[in-house]
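1. What follows is a predicted protein model with its sequence.
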Amino acid sequence: MESYVSIAGKRADRLQLIVTNLHWRYSGVTATNRMVAPKLAQLFRAAWLGSDAPDGIVRMGFADLLNLWLRRTPVIWHARRNNEMIAGVVLKALGWPLKLVFTSAAQRHHTWITRWLIRQMDAIIATSDISASYLKRPATVVTHGVDADRYAPPADRAAAFAEVGLPGRYAIGCFGRVRAQKGTDLFVDTMCELLPRYPDFTAVIVGAITPDQLGFAGELKRKIEAAGLSSRIVITGELPIEQVQRWYQRLTIYAFTSRNEGFGLTLIEAMSVGAALVATRAGAAEIAVEDGVTGVLVPTDDAKALARALEPLLRDPAVASAMGERARKRVLDRFSLDAEANGIAAVYRTLI
């Protein structure tokens, strides 16, 4: 993709929005940013600064920032991480005409440096009322949305699963980085208990194993091997986003097992593809899921409760399919990408 300068030349004075992604590793924050940025680029003259730029928004390089120095009209600098807030605060102090916006998804008390940075922002967005409650200043709540066209149910879910050649007829998945915070161990423990009784299902874990989690992942693999389930509990590792989307479409059931989360985008991604959902009460689960209707909510860190909730869906995939259809409708009604983009845009318009 071309850079902002190569497309816009010296028209940097027309830029309205810089979407920042100053992070070396693809993460949930990156995923949410990538999803909504092209929608925002339809509403504002926008550019993406950093790695993993999606289609639909032009890129700008760090050198391109020089074109904005001492410009008179303001530019939105939208940060989602501490380092992005720090960069914005420094640039603004040096004369860049920035209006600083920060999106907070964290459901915990912030460190002193984060609290100080938040006080320097011109506007704050929180992804839920819970996240907003941890901020010491007013915030506008805008929940995440999902691209329901990209995360759509497959034409034939059975065929989508069959194409990978794994055992059984159905898939149950748990996506995200392989680590204790995401509850990957809870999922593995539960699958080791349930899968021997349900031979039509294979479990799939899609997510990166970072170097600091090699020991944790190794212990999970040893558990799987000891249970004799190496062919039926599959850890794919990190995959390109297009492959992740296809794996979602192969799922009949999705298990959201996080012990703590900011929002948990995988919740609504799985709901959007029409997978039945069992979710721990973390992140946005309690606002995304209608318990017993579009999913089942269970306590965090409770493998027995997770197993009790999953077993009826494993026993009767038709029940899971019906739940998935209701979950898809819930996303279309409440968690559209357009609604998220419009909510963010309303905040921007108060600043420029």
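-> Cool, the structure landed. Numbering: from 1, shown residues only.

2. how close does the closest residue to Ala106 other than its chain neighbours get to Leu239?
-> In this structure, Ala106 finds its nearest non-sequential neighbour in Gly262, 5.2 Å apart by CB to CB, 6 or more residues apart in numbering. (Each C-beta comes from the backbone N, C-alpha and C, glycine too.) Separation of Gly262 from Leu239 (CB to CB, to the nearest Å): 22 Å.

3. ok, now Ser321?
-> As judged by CB to CB, Ser321 and Leu239 stand 25 Å apart.

4. who has more neighbours, these two?
-> Ser321 (18 against 15; other CB atoms under 10 Å).

5. Do I have it right that that one meets Val273?
-> No. With contacts counted by CB atoms under 8 Å, Ser321 stays clear of Val273, the gap being 12.0 Å.

6. quick one: common contacting residues for those two?
-> Jointly contacting Ser321 and Val273 under the rule CB atoms under 8 Å, 6 or more residues apart in numbering is no residue at all.

7. where along the stretch 151-300 of the chain do the helices fall?
-> For the stretch 151-300 of the chain, the helices defined by DSSP state H, counting those that start in this stretch occupy 157-162, 184-194, 214-226, 241-249, 265-272, 285-288.

8. Burial check on the residue lying closest to Pro153 once chain neighbours are set aside, number of neighbours?
-> Of all residues not flanking Pro153 in the chain, Gly274 sits nearest, at 3.9 Å (CB to CB, 6+ apart). A count of neighbours around Gly274, defined by other CB under 10 Å, yields 27.

9. where does Gly274 land on pLDDT?
-> pLDDT recorded at Gly274 is 97.

10. For it, which residues are in contact?
-> The contact partners of Gly274, by CB under 8 Å, 6+ apart, come to Pro153, Arg157, Ser321, Gly324, Glu325, Ala327, Arg328.

11. among the residues you listed, which two are most distant?
-> Pairwise distances across the contacts of Gly274 (CB to CB) peak at 13.8 Å, for the pair Arg157 and Ala327.

12. which one of these two has more residues nearby?
-> Ala327 (27 against 22).

13. Okay, buried residues for the strand or helix carrying the more buried one please.
-> Assignment of secondary structure by DSSP states H and E places Ala327 within helix 317-334. Using 16 or more other CB atoms under 10 Å as the test for burial, helix 317-334 gives Pro317, Ala320, Ser321, Met323, Gly324, Arg326, Ala327, Arg328, Arg330, Val331, Arg334.

14. I am finished for the moment; much appreciated.
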